[in-house]
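Quick one: sequence plus predicted model below, questions after.
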Amino acid sequence: MCTVTFVPTEEGFIFTSNRDVSYQRPYAELPKIHMEGHLKVLMPIDPMGSGSWIGLSPYFHAVCLLNGGFVNHKSNPPYRHSRGLVVRDLLRHQDLPKFSSEYNFHGIEPFTLIAIQDKTLYEMVWTGKQLYIKNLPNHQSYIWSSATLYDANIRQKRIDWFQDWLANYPHDLASLRGFHENAGEGNPRNNVMMDWAEMEVGTVSTTTILKENGAHFMHYKDWKTQRSAMVKFESDLVIE
């Protein structure tokens, strides 16, 4: 699932995720503050598995998970627990490299995880057998598309659409949300807001984490129910 973009701005960044899943999946809860141990964490919750695909905490400006690693894989359930729990576990950890060395990833389905901690942009890929971590320059823009839904050709097309947007449109929240809603070439299977009607799979929500002038905001839109939310994340959320 998922198409994710990261765009740096003069005031911070815009980090956006289209969530692409089965239409039969239960509706996610609207994002709100949750207690995770001694921390308050902002995220939506998926009732299946009790995990999340996107969130932020006092330790992380943003964490987002896409299904699949570098290439598509054959799903082989049962798995030890939901990939969404990796997001929740990471959000309350103080350090991604230490987390990655201590966490037990075995028995979890492959995923790609993007995280922003301090000034570092991480890409972490779990193939089901091996973990790869890469630090990416945070002054550049990126797009990721889930390998479980999109082959290499379609992922490259999406990179091309994103590069065109970067070159021709303002790098602000409204414009980027427009990209996540409208980019493509008229084929609903491959558009950034996708719809595989025959398989009842499509984009069910769009979530943006916006950092500007030291403040963080989460903008959420559920396309199936038309519910929406905008939550400001305060910086002093560590509970002693």
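That came through, no problem. Residues are numbered from 1 along each chain as shown.

Just to check, Arg25 is in contact with Trp53?
No: using Cβ atoms under 8 Å, Arg25 makes no contact with Trp53, being 11.5 Å away. Placement of C-beta: from N, CA and C, glycine included.

Those two - which one has more neighbours?
The neighbour comparison of Arg25 against Trp53 (other Cβ atoms under 10 Å) goes to Trp53, with 27 against 16.

residues shared between the contacts of Arg25 and Trp53?
Common neighbours of Arg25 and Trp53 are listed as Asp46 (criterion: Cβ atoms under 8 Å, 6 or more residues apart in numbering).

Could you pull out the helices in this protein for me?
Secondary structure of the chain (DSSP state H): helices located at 84-91, 96-102, 152-168, 173-182.

and the ones you listed, which is most packed in?
helix 84-91 (a mean of 21; mean count of other Cβ atoms under 10 Å).

Work out the gap between that one and the centre of the chain.
Mean C-alpha position of helix 84-91 versus that of the full chain (Cα atoms, centre = their mean, to the nearest Å) differs by 12 Å.

tell me what it is packed against?
Using 3 or more Cβ pairs under 8 Å, 6 or more residues apart in numbering; DSSP states H and E, the elements in contact with helix 84-91 are strand 39-43, strand 54-55, strand 62-67, helix 96-102, strand 111-117.

Val21 is nearest to which of these?
Judged by Cβ to Cβ, the one of those that comes nearest to Val21 is strand 62-67, at 8.6 Å.

Would you mind pulling up the elements that that closest one packs against?
strand 12-22, strand 54-55, helix 84-91, strand 111-117.

how about the ones you listed, which one is nearest Asn168?
Each of the helices and strands packed on strand 62-67 was scored for nearness to Asn168 using Cβ to Cβ, and the closest is strand 12-22 (16.5 Å).

and the angle from the closest one to helix 173-182?
Note on geometry: by axes from the mean of the first three to the mean of the last three Cα atoms, to 10 degrees, strand 12-22 and helix 173-182 are set 20 degrees apart in direction.

Now do strand 12-22: which elements does it pack against?
Applying 3+ Cβ pairs under 8 Å, 6+ apart, one finds that strand 12-22 makes contact with strand 3-8, strand 62-67, strand 111-117, helix 173-182, strand 201-212.

one step back: quick one, which of the helices and strands packed on helix 84-91 is packed in tightest?
A comparison of the helices and strands packed on helix 84-91 by mean neighbour count, using mean count of other Cβ under 10 Å, puts strand 54-55 on top with a mean of 28.

Report the distance from it to the chain centre.
The gap between the average C-alpha position of strand 54-55 and the chain average comes to 6 Å, counting by Cα atoms, centre = their mean.

and it, what does it pack onto?
If you count contacts as 3+ Cβ pairs under 8 Å, 6+ apart, strand 54-55 packs onto strand 39-43, strand 62-67, helix 84-91.

Quick one, which of those gets closest to Ile114.
Ranking the helices and strands packed on strand 54-55 by distance to Ile114, with Cβ to Cβ as the measure, places strand 62-67 first at 5.0 Å.

Paired strands for the helix or strand bottoming out on mean pLDDT in the chain, with orientation please.
The helix or strand of the chain with the poorest confidence is strand 32-36; it has a mean of 90 (mean pLDDT, DSSP states H and E). Strand 32-36 sits in its sheet next to strand 39-43 (antiparallel), going by DSSP bridges.
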